[in-house]
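J.: no sequence on this one, just coordinates:
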């Protein structure tokens, strides 16, 4: 019996070692997806700023690789769950990766949507963005980078800072509609490019929401606390 228990104990320790190795590899893989998505967003914003159709097309063409990697990460998560039946922090991390992996894929899609607006804008003379595009774009990129840094370091404080930063993006976004309305009223011939800028702002706002989701998943991983509804209620003053 002692030999059997010893063997079982050794097996359990060995399984835990393999699980920790798999979890670290999973973190590396999901951060590779994050890195690709960061690059896509950066290119999309540059493409809009420069009206660069070639750069925009690079973003569109690169989306299939992001989609492939997202599927690979999901399959890795499911395989780890099936083989190792993790508990506690390891389980929370894997569940969080399953969720934020989808957020990253959606950010990649939104970067493609931004890049595709280059074609719309390129058909018309340049128009002034009816909102602080540079500030909004920079802030959204910082939020995405910060959420991934919080994941790498399992840093709930940084994650909370990302959640708080989303309010600034929401505030900018609220000014966009009025700016577009005023622009169309003054220059009706610029309606289509102005509506295209409205769409870009909407995509940036959604990317900020997804970055916030990732940050909330980091808090869940570290503290086991689901903060999504709490943060939403705080924003709404409840």
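T.: Thanks, I have the structure now. Quantities reported herein were computed from a predicted structural model and do not represent experimental measurements.
J.: which strands and helices sit next to the helix or strand residue 138 falls within?
T.: According to DSSP states H and E, residue 138 maps onto helix 133-153. Here helix 133-153 touches helix 2-50, helix 156-186, helix 191-223, going by 3 or more C-beta pairs under 8 Å, 6 or more residues apart in numbering; DSSP states H and E. Bear in mind the C-beta positions are built from the backbone N, C-alpha and C, glycine included.
J.: okay if I get the ones you listed as JSON lines plus mean neighbour count and mean pLDDT?
T.: Converted to JSON lines, the helices and strands packed on helix 133-153 look like this (neighbours: other C-beta atoms under 10 Å; pLDDT from 0 to 100):
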{"stretch": "helix 2-50", "mean neighbour count": "16", "mean pLDDT": "82"}
{"stretch": "helix 156-186", "mean neighbour count": "17", "mean pLDDT": "93"}
{"stretch": "helix 191-223", "mean neighbour count": "22", "mean pLDDT": "95"}
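J.: now the ones you listed as JSON lines including distance to residue 94?
T.: Shown next, in JSON lines, are the helices and strands packed on helix 133-153 (distance: least, C-beta to C-beta, whole Å):
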{"stretch": "helix 2-50", "distance to residue 94": "7"}
{"stretch": "helix 156-186", "distance to residue 94": "18"}
{"stretch": "helix 191-223", "distance to residue 94": "9"}
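J.: wait, which of these is closest to residue 95?
T.: Between residue 95 and the helices and strands packed on helix 133-153, the tightest spacing by C-beta to C-beta is seen for helix 191-223, at 7.9 Å.
J.: now the closest one against helix 156-186, angle please.
T.: Per axes from the mean of the first three to the mean of the last three C-alpha atoms, to 10 degrees, the angle that helix 191-223 makes with helix 156-186 is 170 degrees.
J.: and stretch 77-94, how far out from the chain's middle?
T.: Computed by C-alpha atoms, centre = their mean, to the nearest Å, the chain-centroid distance of stretch 77-94 equals 22 Å.
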